[in-house]
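Visitor: return atomic coordinates for the entry below.
(chains A and B)
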Amino acid sequence: MKAFMHRYLSPNSISGWIVTIVLTILILVPLMAVLMQIFFPGLFFGDNQFAGWEILFQIFERKLWSVSLINSLTLATGTAILGTILGGALAILRSSRSFKTAVALDFAAWALLILPSFILAQGWILFASGKGIANQLFSVTWITDLVFQPFGLIMIMTLCKFSYTYLAVTAALEWNVKRYGEAARLCGASNWTTFWTIHTPLLIPAFLSGAALIFMDTIGDFGLPASLAAVYSFPTLPYSIYTALYTAPIRFDMAGVLSLYLVGIIFIAMLFQMWVLKKGKFDFMNERAERQVAKKSRYSFLYTLVNIGFLLIALGIPIGSNLLVSFMKTIGNGISIGNFTLEHYRILFQLDSTMLEGLSNSLLIAGIAAVIGMIIGFFIGYVLIFTNFRLSPLVDSLSIISLAVPGVVLGIGYIFVWNQPWLEPLGLQLYGTPWILILASVAGAIPIAARLMISSMTKIPQSLLSAAALQGASFKERILTILIPLIRASLLTAGLTAFGTSVFDLAVSTILFPPGFMTLPVAINQAFDDLEYGYATAATIFSGTFVVLVIMGLRWMIEKWFNRKQTSKGEMKEHVITGSEHIEEL
Amino acid sequence: MKKKILTLALGVTLLAVGGCSQGEADANTEASEEPLVVYLNDFDEMIEPLFEEATGHDIEIVSGNGAEVQSRIEAEKGNPNWDVVWMDGQAAFARWDNEGVLLNDLDVDNLANLNELGKSLLPESKSYVATGAHAASVIVYNTNEISAADAPKSWNDLTNANLENLVGMADPAVAAPAYPFVSWFFEDLGMDGGKQYFTDLFANGAKVYPKNPNIAEALLNGDIQAAALQESNAYGLKAKGEPIEVVWPEEGAPASVRYLGINKESEKVEIAKEFINFLLEKETQTEMVAAGSEGYFSPTVTGVEDLADRPENAKLLISDAALAAENEAEVKEWFADQSVE
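Guide: Numbering: from 1, shown residues only, chains lettered A, B, ... in the order given. Here you go, the predicted structure:
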């Protein structure tokens, strides 16, 4: 009995089960609802007839599907490789060398993570088109040919998604345990051997989790490839999924098959990641950990220049292009004084503007989703890192899948699940209420929140928690007084990132928003559909700036509050890690 | 101790579920007032206050592009949340009618207000009523790049060598308004003839953009110089002062019909009929015509004039709804597959 209690009712085990149940409800069930369409297309409409297996193999017969599959794999692999190299290099530079504008790099990584890809795509198109801004302002014409071809698409995707690796590696490099390297050197290892056998393995999890996130976010992205690839043929899996959903009669079964292939690809990528990670355990933190201090270098002006150049390309081009257009009366008449206007911003600030209504609704939804997403992300990290929960691989996979499956697929799954008549008497028919958007936003926020938590918890040795347990600290005390203070900054980052991405989550909103409940991305998208480019970009710039300011303000306030609380308790500098005030991710 | 852990860990679930029931309770209170739920793709900002003021009934709007509205209706098939659907695209309505989704024999008083166009668009089953028709595509060109003399005048001109790699159109496999456009070619020229026309167009380097806004952007940015663009977008751009000119081809412009139908399972049929009557009033259609770029359409109510900047006898080529529905899957699949040819 005691053994049973220990196995199934220990706090660790209960946390594991709760996380599994929550992920099942939020992600697995809606996804399965769509995948079930492959075999039972009438399942939710009172027809349980089995449709056979044929459709599964159509990918080998229909050229569009096989080409989409190959294109998606090429795009995602290319972006993951280039993004990992770029993000990793920038992170190593940022952590090891001191230069001005380094904070701006952090900011850019963050902003690119939060901004929706359709806005970035829009910026690049405005910049690189035949008569685009590059041509008008700088008379550069070769940029058109460079951007609008498959490798150009991979480069743009790299610039938009490198943040995942950048953030993961910066976090991993934040704390440095010098004595591992020193020990190796004492044993006669060369500088190179020390780098290769000590430092590199410690960074592998961060590189891998960054690469995995880039791969999955890229393979599930519809907006950016579709907009950029319009001038040449480059169909991707999400494109084929859209054509299945928007054909007539609508083919949920086809969308299901293609989503199944996406899920399969993710599964293989996860297995690969697990196989690599199996080679070593990486909790390296101990009492000798020191905050990595960026060295001053005589080349620091060079680093500053490189950084500014990079920021101008990665963030300056897409945001700058949008900003320019937001002040232009017409796009076709180009950049000139006569074409300048403030009208788009004037309309935006009218009190009855749908945009402002959408913004306030989206902020509310994202705020609630961020808190829930952060808590779920925390427990996913806890279960995966500090427990031997049997279903850990399932938790791990589910926590990342919603990044790769296009939002519209998950959205349709949500309709199937949450629009069933029998839920009505239970008060749980959530489709048609704002709560469906919160659930979907939480599902969308989980991948990033969970990865941030996992990467920061990987560094914390289990022994810290075990020691506290031996001293009699309860589960709650261990969480609240050991774990949370150590990863507080990551936790905050996870919550705020979840908030930022939820505000702009378009795909889920368009298919799920309840009657009479406008959200910001839907309002921006409608303005874009009505060809109100200036107004749509003005709204994007304003709301983007507003959200970033809210995030930075919240971050500053919460940090300050924490620090004051600590100082008043006289606990400053009393953490396990010597000399640290707090662990900071960014 | 265990209780505490349970409370802590269950918090997540309870927060969600508990909160949700509260939200649902609120929604139920609202439901008791029973607003009419309308799924539509245009006129979302103006129609709600107009109808509520005129009739005193509450309505709630879900607006999206045609494809999103159709996806929602299909996914909700087991438990529909909508009362009225009002959007572009004759094929979708013909299909819903066949599937028995729509209420038949709409005996609303204001059918008497329909003009010749409106009457001609009424199907035998009277399951759906047209509120207007507009060009799913007209020819547009960038006046900074092409002179009026060199501008394409007919649909065949888009395949001319002087427009090689410079023509754009929307993807019928993704953009809802593009299907009524292409379906007319398949009706007029037959399936093979239709495929041949578009094959020629693609052989001339025509580019297929996901949606109409992408075409407009490419046209203004100089990636293309001429395009087949939805009428409201074309005139909307011109009205904003963009360097765009609109050409109605001599043979006419393939049309998209904006229809309106009632969900057979709706519990608010009477209010829904009031909504139809309201949209078939002369005053309402006059307001719709005045509603900016959405106002570019041929009204279906007697005595309502269309906008002056449309040609006097704007020739609309309206494809047969039933035939368009029949060919829809094949045509869309063909277009999607073209992206790998």
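Visitor: let me know the pLDDT of the residue in the stretch 151-300 of chain B that chain A sits nearest to.
Guide: As assessed by CB to the nearest CB, chain A sits closest to B:Gly222 within the stretch 151-300 of chain B, at 2.9 Å. C-betas here are computed from N, CA, C, even on glycine. On the pLDDT scale, B:Gly222 is placed at 84.
Visitor: that one contacts A:Leu126, doesn't it?
Guide: No - using CB atoms under 8 Å, B:Gly222 is not in contact with A:Leu126; the gap is 11.5 Å.
Visitor: more neighbours: these two, which one.
Guide: A:Leu126 (25 against 20; other CB atoms under 10 Å in any protein chain shown).
Visitor: what about the more buried one, distance to chain B?
Guide: Per CB to the nearest CB, to the nearest Å, A:Leu126 is found 7 Å from chain B.
Visitor: for burial, what's the neighbour tally of the nearest residue to that residue once chain neighbours are set aside?
Guide: Once flanking residues are discounted, A:Leu126 sits nearest to A:Ser321: 4.0 Å by CB to CB, 6 or more residues apart in numbering or on different chains. Residues lying near A:Ser321 (other CB under 10 Å) number 23.
Visitor: name the helix or strand for A:Ser321, please.
Guide: Using DSSP states H and E, A:Ser321 falls within helix A:317-326.
Visitor: what residues does the stretch 151-300 of chain B have near chain A?
Guide: Selection of the stretch 151-300 of chain B residues close to chain A by CB under 8 Å from any CB of the partner chain yields B:173-174, B:176, B:179, B:207-214, B:216-223, B:233, B:236-237, B:240-244, B:293.
Visitor: try 6 Å this time
Guide: B:173-174, B:207, B:209-210, B:213-214, B:216, B:220-223, B:233, B:236, B:240-243 (CB under 6 Å from any CB of the partner chain).
Visitor: who's in contact with A:Phe272?
Guide: If you count contacts by CB atoms under 6 Å, 6 or more residues apart in numbering or on different chains, A:Phe272 has none.
Visitor: element containing it, please.
Guide: helix A:252-277.
Visitor: what residue ranges in the chain score low on pLDDT?
Guide: Picked chain A for this. Applying pLDDT under 70 to chain A flags residues A:1-8, A:177, A:231-232, A:278-291, A:507, A:566, A:568-586.
Visitor: that was the other one, I meant chain B.
Guide: Within chain B, the ranges that satisfy pLDDT under 70 run B:1-33.
Visitor: quick check: the residue nearest to A:Leu126 touching A:Ile133?
Guide: Yes - in this structure, A:Ser321 is within contact of A:Ile133 by CB atoms under 6 Å, at 5.4 Å.
Visitor: point out the other helices and strands that the top helix by length along chain A packs with.
Guide: Using DSSP state H to define each element, chain A has its longest helix at helix A:533-569. On a contact count with 3 or more CB pairs under 6 Å, 6 or more residues apart in numbering or on different chains; DSSP states H and E, helix A:533-569 meets helix A:317-326, helix A:343-348, helix A:484-503, helix A:520-529.
Visitor: again, 8 Å this time
Guide: On a contact count with 3 or more CB pairs under 8 Å, 6 or more residues apart in numbering or on different chains; DSSP states H and E, helix A:533-569 meets helix A:102-114, helix A:117-128, helix A:317-326, helix A:343-348, helix A:354-386, helix A:484-503, helix A:520-529.
Visitor: can you put the ones you listed in JSON lines and add distance to A:Ile214?
Guide: Shown next, in JSON lines, are the helices and strands packed on helix A:533-569 (distance: least, CB to CB, whole Å):
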{"stretch": "helix A:102-114", "distance to A:Ile214": "11"}
{"stretch": "helix A:117-128", "distance to A:Ile214": "13"}
{"stretch": "helix A:317-326", "distance to A:Ile214": "17"}
{"stretch": "helix A:343-348", "distance to A:Ile214": "33"}
{"stretch": "helix A:354-386", "distance to A:Ile214": "19"}
{"stretch": "helix A:484-503", "distance to A:Ile214": "15"}
{"stretch": "helix A:520-529", "distance to A:Ile214": "22"}
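Visitor: between those helices, which one is closest to B:Lys315.
Guide: helix A:520-529 (26.4 Å; CB to CB).
Visitor: ok now that closest one, how far from the chain's centre?
Guide: 22 Å (CA atoms, centre = their mean, to the nearest Å).
Visitor: restricting to C-alpha, output that helix in CSV.
Guide: Provided in CSV are the C-alpha atoms of helix A:520-529 (Å, rounded to 0.1, in the frame of the first residue of the first chain):
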residue,chain,number,x,y,z
LEU,A,520,-6.6,42.4,-32.6
PRO,A,521,-5.1,40.0,-35.2
VAL,A,522,-8.6,39.5,-36.8
ALA,A,523,-9.1,43.3,-37.0
ILE,A,524,-5.6,43.8,-38.5
ASN,A,525,-6.2,41.0,-41.0
GLN,A,526,-9.6,42.4,-42.0
ALA,A,527,-8.0,45.8,-42.6
PHE,A,528,-5.4,44.1,-44.7
ASP,A,529,-8.1,42.2,-46.6
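Visitor: and A:Lys459, backbone torsions?
Guide: phi -80, psi -20 (degrees, to the nearest 10).
Visitor: if I look at it, how far off is chain B?
Guide: Counting by CB to the nearest CB, the gap from A:Lys459 to chain B is 24 Å.
Visitor: mind listing what's buried along the longest helix of chain A?
Guide: The neighbour-count check on helix A:533-569 (16 or more other CB atoms under 10 Å in any protein chain shown) flags A:533-544, A:547-548, A:550-551, A:554-555, A:558, A:566 as buried.
Visitor: overlap in contacts, A:Ser321 and A:Ile133.
Guide: By CB atoms under 8 Å, 6 or more residues apart in numbering or on different chains, A:Ser321 and A:Ile133 have these common neighbours: A:126-127.
Visitor: show me where the stretch 51-200 of chain B has its strands.
Guide: B:59-63, B:84-88, B:128-135, B:138-142, B:167-170 (DSSP state E, counting those that start in this stretch).
Visitor: what lies in contact with the first one?
Guide: Residues from elsewhere that reach strand B:59-63 (CB under 8 Å, 6+ apart): A:513-516, A:526, B:35-42, B:44, B:47-48, B:51-52, B:69, B:72, B:82, B:275.
Visitor: just those residues: which are in helices?
Guide: With helices defined by DSSP H, the entries of the contacts of strand B:59-63 inside them are A:526, B:44, B:47-48, B:51-52, B:69, B:72, B:275.
Visitor: can you pick out the most distant pair from those?
Guide: B:Glu52 and B:Arg72 (22.9 Å).
Visitor: more crowded one of the two?
Guide: Neighbour totals were compared for B:Glu52 and B:Arg72, and B:Arg72 leads with 24 against 14 (other CB under 10 Å).
Visitor: quick one on the thing from earlier: I figured the residue nearest to A:Leu126 hits A:Ser129, correct?
Guide: No - counting by CB under 8 Å, A:Ser321 sits too far from A:Ser129 to count as a contact (9.9 Å).
Visitor: near chain B, which residues of the stretch 101-250 of chain A show up?
Guide: A:125-126, A:129-132, A:135, A:144, A:226-227, A:230-231, A:233, A:235, A:239-240, A:242-243, A:245-250.
Visitor: in the stretch 101-250 of chain B, which spans are helices?
Guide: Here the stretch 101-250 of chain B has its helices, by DSSP state H, counting those that start in this stretch, at B:116-120, B:178-203, B:212-221, B:231-239.
Visitor: format these as a markdown table; extra columns: mean neighbour count.
Guide: As requested, the helices of the stretch 101-250 of chain B are arranged in a markdown table below (neighbours: other CB atoms under 10 Å in any protein chain shown):
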| stretch | mean neighbour count |
| --- | --- |
| helix B:116-120 | 15 |
| helix B:178-203 | 19 |
| helix B:212-221 | 26 |
| helix B:231-239 | 23 |
